[in-house]
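Colleague: Can you look at this prediction? I've put the sequence above it.
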Amino acid sequence: MHVGVVGAGYVGLVAAVGLAAAGHDTAVAEADPAKLAALREGRVPFYEPGLQEWLDSVAARMTFVESAGSLPPCDVVLIAVGTPSGPSGQTDLTQVRQAVREVAATARPGTVVAMKSTVPPGTGLELVRAYLEPAGRDLAYVSNPEFLREGKAVDDWLHPDRVVVGAAEPGAGERVAELYRHLGAPLLMTDITSAEMVKYASNALLATKISFINEIANVCELVGAHIDDVARGVGMDPRLGSHFLQAGIGYGGSCFPKDTRALDFTAALNGYSFELLTAVIEVNRRQRIRVVQRLHEALGGLAGRSVAVLGLSFKPGTDDTRESPGVEIARMLAGAGAEVRAYDPVARLSQEAEQVLGPGARRTATLAEAVAGAQAVVVATEWQEFREADWAAVRRAMERPWVIFDGRNCLDGEAMESLGFTYFAVGRQVGRRRQAAVAARAGRPCE
Ligand SMILES: NC(=O)c1ccc[n+]([C@@H]2O[C@H](COP(=O)([O-])OP(=O)(O)OC[C@H]3O[C@@H](n4cnc5c(N)ncnc54)[C@H](O)[C@@H]3O)[C@@H](O)[C@H]2O)c1
Ligand SMILES: O=c1ccn([C@@H]2O[C@H](COP(=O)(O)OP(=O)(O)O[C@H]3O[C@H](CO)[C@@H](O)[C@H](O)[C@H]3O)[C@@H](O)[C@H]2O)c(=O)[nH]1
């Protein structure tokens with residue numbers, strides 16, 4: 001088939017390369033001149049493991065143009081542009097409207113427009129009414145939400161758990177489903193609005209699992225239980241599943257925060273108060289603040305204290321810093337007067353994110369530079385470099401009281417305490433503090 005893709009971000013470029021690899025002639029429209037220039041030189045303009053090599057192998061079947069209006073005639077055009085949050089949590093559909101408008105004005109009759117961007121339930125039907133029907137050229141609309149994860153995008157594209165296709169006309173839905181047939185994934189054919197809802201329900205439930213386990217971890221700290229064992233025990237029940245039970249400083253990224261807010265907003269707009277989801281969002285917000293509270297207590301205040309934040313991407317394996325807990329924590333610490341040095345092995349902070357770090361926060365080129373002279377370290381992203389760091393050397397480079405907040409529960413707490421650190425994590429108490437907590441509950445002094 002001849003396939004067009006609008007937007008060459010994490011989703012659009014992976015989809016385009018995946019479809020070219022499956023033998024389709026693929027044309028990609030990218031509006032950002034810097035990204036377009038990189039793509040025309042054969043370079044992936046962001047960090048996604050394995051994608052550069054994959055692009056190299058199929059580049060001959062791909063072309064890159066500057067706008068949706070310049071795409072060649074296509075059987076299917078996938079829309080994969082950004083859908084960021086507006087100020088009240090509503091989805092900002094500016095990029096989507098622009099892309100659909102451009103396609104509606106130029107696509108040849110009979111083209112199928114497939115929406116891979118995450119758009120609120122009801123959006124597809126509205127786009128049909130506003131742009132496709134008035135174009136009068138028999139353009140069909142299909143909702144085709146994407147479920148890939150950053151950092152694992154190539155593998156997720158090749159091995160999807162399911163393909164969801166929402167269509168008003170079976171023929172259009174079939175044409176989109178055909179693009180995925182070779183992957184052998186289960187196919188769910190549904191109406192447009194239900195397909196849109198599948199995407200939000202999936203992300204909201206995953207976010208709910210994370211906030212739930214974080215609340216369990218917070219209670220573990222109070223009763224002296226160990227979250228790692230608790231999560232393992234819970235996950236052994238196949239009805240509950242072991243995935244997304246990693247406690248920590250909460251979810252970030254370009255999807256969960258904005259998609260949970262958008263679903264909450266959509267529910268409210270339709271007159272429904274989605275209490276559970278509102279709580280999930282609030283728990284996630286507080287989980288980040290808890291780090292700052294802990295450091296405030298442990299350091300006897302934050303003004304003038306020196307803190308290193310390790311990890312600025314919202315998770316390992318990506319350079320994406322959108323709504324990253326590390327960035328947010330660095331900003332809060334700097335706002336409270338701490339001198340913050342932040343380090344990440346991969347994340348290239350955009351100018352915007354650099355500003356978000358705030359005036360009291362500075363980015364460093366190495367881990368050693370970030371921790372030198374620091375009184376406390378926060379591990380915000382579980383990069384392998386941090387797991388494997390020479391923590392004895394880190395402790396020597398730091399100043400008292402040698403506090404470490406392991407925001408991803410990725411370090412050996414006992415080992416950290418034996419190196420002299422005061423170790424905090426989420427839902428874990430180790431060494432001296434665990435003994436003290438157990439003794440206090442038993443009503444006897446700690447030996
Ligand atoms: N990032 C993910 O892991 C992921 C996974 C599943 C779904 N999604 C959803 O997919 C959509 C895209 O996400 P992303 O992370 O790939 O976004 P992104 O911001 O990385 O990429 C979007 C790209 O579209 C380009 N663009 C915008 N308007 C355009 C236009 N009119 N013509 C041509 N190019 C245009 C932008 O310049 C940008 O490069 C979002 O709705 C997101 O919620 C993202
Ligand atoms: O047990 C867990 C699992 C994840 N996280 C955090 O949750 C966030 C999101 O992680 P992940 O889901 O791996 O990353 P994304 O790339 O944002 O992918 C999510 O968002 C995409 C965009 O909608 C969807 O396509 C994917 O299916 C969905 O997993 C990150 O900050 C993680 O640190 C936890 O705190 N605990």
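Modeller: Thanks, I have the structure now. Ligands and ions are numbered 1, 2, ... in the order given.
Colleague: Of all residues in the stretch 151-300 of the chain, which one is closest to ligand 1?
Modeller: Closest residue of the stretch 151-300 of the chain to ligand 1, C-beta to the nearest ligand atom: residue 254 (4.8 Å). (Glycine included, C-beta is placed from N, CA and C.)
Colleague: Please look at that residue and residue 323 and confirm they touch.
Modeller: Yes: checked against C-beta atoms under 8 Å, the pair residue 254 and residue 323 is within contact range at 7.0 Å.
Colleague: Check the gap between the closest residue to ligand 1 within the stretch 301-447 of the chain and residue 12 for me.
Modeller: Ligand 1 sits closest to residue 320 of the stretch 301-447 of the chain, with a gap of 7.2 Å, by C-beta to the nearest ligand atom. Per C-beta to C-beta, to the nearest Å, residue 320 is found 15 Å from residue 12.
Colleague: for residue 66, same thing?
Modeller: 14 Å.
Colleague: Between those two, point out the one with more neighbours.
Modeller: The neighbour comparison of residue 66 against residue 12 (other C-beta atoms under 10 Å) goes to residue 12, with 23 against 13.
Colleague: tell me which element the more buried one is part of?
Modeller: Per DSSP states H and E, residue 12 falls inside helix 10-21.
Colleague: Can you name every helix or strand that that helix contacts?
Modeller: Contacts defined by 3 or more C-beta pairs under 8 Å, 6 or more residues apart in numbering; DSSP states H and E place helix 10-21 against strand 2-6, strand 25-29, helix 51-58, strand 62-65, strand 76-79, helix 153-158.
Colleague: Rebuild these as JSON lines, extending it with distance to residue 421, mean pLDDT and mean neighbour count.
Modeller: Formatted as JSON lines, the helices and strands packed on helix 10-21 follow (distance: least, C-beta to C-beta, whole Å; pLDDT from 0 to 100; neighbours: other C-beta atoms under 10 Å):
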{"stretch": "strand 2-6", "distance to residue 421": "48", "mean pLDDT": "98", "mean neighbour count": "26"}
{"stretch": "strand 25-29", "distance to residue 421": "48", "mean pLDDT": "98", "mean neighbour count": "24"}
{"stretch": "helix 51-58", "distance to residue 421": "38", "mean pLDDT": "98", "mean neighbour count": "16"}
{"stretch": "strand 62-65", "distance to residue 421": "50", "mean pLDDT": "98", "mean neighbour count": "20"}
{"stretch": "strand 76-79", "distance to residue 421": "49", "mean pLDDT": "98", "mean neighbour count": "26"}
{"stretch": "helix 153-158", "distance to residue 421": "35", "mean pLDDT": "98", "mean neighbour count": "19"}
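Colleague: Just put those in CSV and tack on distance to residue 301.
Modeller: Converted to CSV, these look like this (distance: least, C-beta to C-beta, whole Å):
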stretch, distance to residue 301
strand 2-6, 51
strand 25-29, 52
helix 51-58, 45
strand 62-65, 53
strand 76-79, 50
helix 153-158, 43
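Colleague: Which one, of those, ends up nearest to residue 369?
Modeller: Residue 369 lies closest, by C-beta to C-beta, to one member of these: helix 51-58, at 28.3 Å.
Colleague: what about that closest one, distance to the chain center?
Modeller: 23 Å (C-alpha atoms, centre = their mean, to the nearest Å).
Colleague: Which strands or helices does it pack on?
Modeller: For helix 51-58, the elements it packs on are helix 10-21, helix 153-158, judged by 3+ C-beta pairs under 8 Å, 6+ apart.
Colleague: Am I right that residue 82 sits in a strand?
Modeller: No: using DSSP: H, G, I helix; E, B strand; the rest coil, the assignment for residue 82 is coil, not a strand.
Colleague: Quick check: the gap between it and ligand 1.
Modeller: For residue 82, the distance to ligand 1 (C-beta to the nearest ligand atom, to the nearest Å) stands at 4 Å.
Colleague: Could you pull up phi and psi at that residue?
Modeller: For residue 82, the backbone dihedrals (degrees, to the nearest 10) come out as phi -70, psi 150.
Colleague: again with residue 376
Modeller: Residue torsions, per degrees, to the nearest 10, at residue 376 are phi -140, psi 150.
Colleague: Tell me which residue lies nearest the centroid of the protein.
Modeller: Centroid-nearest residue in the chain, with C-alpha atoms, centre = their mean: residue 253, separated by 2.8 Å.
Colleague: so that residue touches residue 326, yeah?
Modeller: No: in this structure residue 253 lies outside contact range of residue 326 using C-beta under 8 Å: 11.5 Å.
Colleague: re the thing from before, for the residue of the stretch 301-447 of the chain closest to ligand 1, the count of nearby residues, please.
Modeller: 27.
Colleague: Ok, residue 370 next?
Modeller: Counted with other C-beta under 10 Å, residue 370 comes out at 24.
Colleague: Thank you, goodbye.
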